[in-house]
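Chemist: let me see the structure of the following:
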Amino acid sequence: MEFFNEFITPLIVGICLCAGYVVKHWIKDVSNKIIPTVVAVLGVFLAVWINGWEITPQALLSGLISGLASTGLYELFRQYIEKNSAGGGK
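Modeler: Numbers count the residues shown, from 1 in each chain. Model (predicted):
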């Protein structure tokens, strides 16, 4: 897990989380299979931008991990909210 902590960028995770949410809820007929690809590509773009447009293996890995982590974070929140709403707020 320490390996992932080194490459996760909270700013990228947050932006990708919001972008994935928008794609899922505002674009009709989008397959859920496409969203991880969208946020992974966006994550790489943001990481390279943050890295001063220098494409390095670290920037690519940071972008991919951060973008894909946003999908996991979304699912975690979704399951937590559904569990609480179905369980009467417990």
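Chemist: which is the succeeding secondary structure element to the lowest-mean-pLDDT helix or strand in the chain?
Modeler: For the chain, counting by mean pLDDT, DSSP states H and E, helix 2-7 ranks last in confidence among helices and strands (a mean of 80). Per DSSP states H and E, the first helix or strand lying C-terminal to helix 2-7 is helix 10-26.
Chemist: related to what we said a few turns ago, neighbouring contacts of the least confident helix or strand of the chain?
Modeler: The contact list for helix 2-7 (CB atoms under 8 Å, 6 or more residues apart in numbering) reads 58, 61-62, 65-66, 69. Quick note: C-beta positions are derived from backbone N, CA and C, even for glycine.
Chemist: in helices only, show me those.
Modeler: Using DSSP state H, the members of the contacts of helix 2-7 that fall within helices are 58, 61-62, 65-66, 69.
Chemist: pick out whichever of these sits closest to H25.
Modeler: A69 (19.6 Å; CB to CB).
Chemist: just the buried members of the contacts of helix 2-7?
Modeler: With neighbours counted by 16 or more other CB atoms under 10 Å, the contacts of helix 2-7 contain buried members at 61-62, 65-66, 69.
Chemist: give me the low-pLDDT residue ranges for this protein?
Modeler: 1, 87-90 (pLDDT under 70).
Chemist: quick one: contacts for the residue nearest to the spatial centre of the chain?
Modeler: In the chain, the residue lying closest to the centroid (CA atoms, centre = their mean) is S70, at 2.2 Å. By CB under 8 Å, 6+ apart, S70 lies in contact with 12-14, 16-17, 20, 39, 43.
Chemist: circling back: gap between the least confident helix or strand of the chain and the chain center?
Modeler: Distance of helix 2-7 from its chain centroid, counting by CA atoms, centre = their mean, to the nearest Å, is 15 Å.
Chemist: same thing with stretch 59-78?
Modeler: 3 Å.
Chemist: now do stretch 44-62
Modeler: With CA atoms, centre = their mean, you get 15 Å for stretch 44-62.
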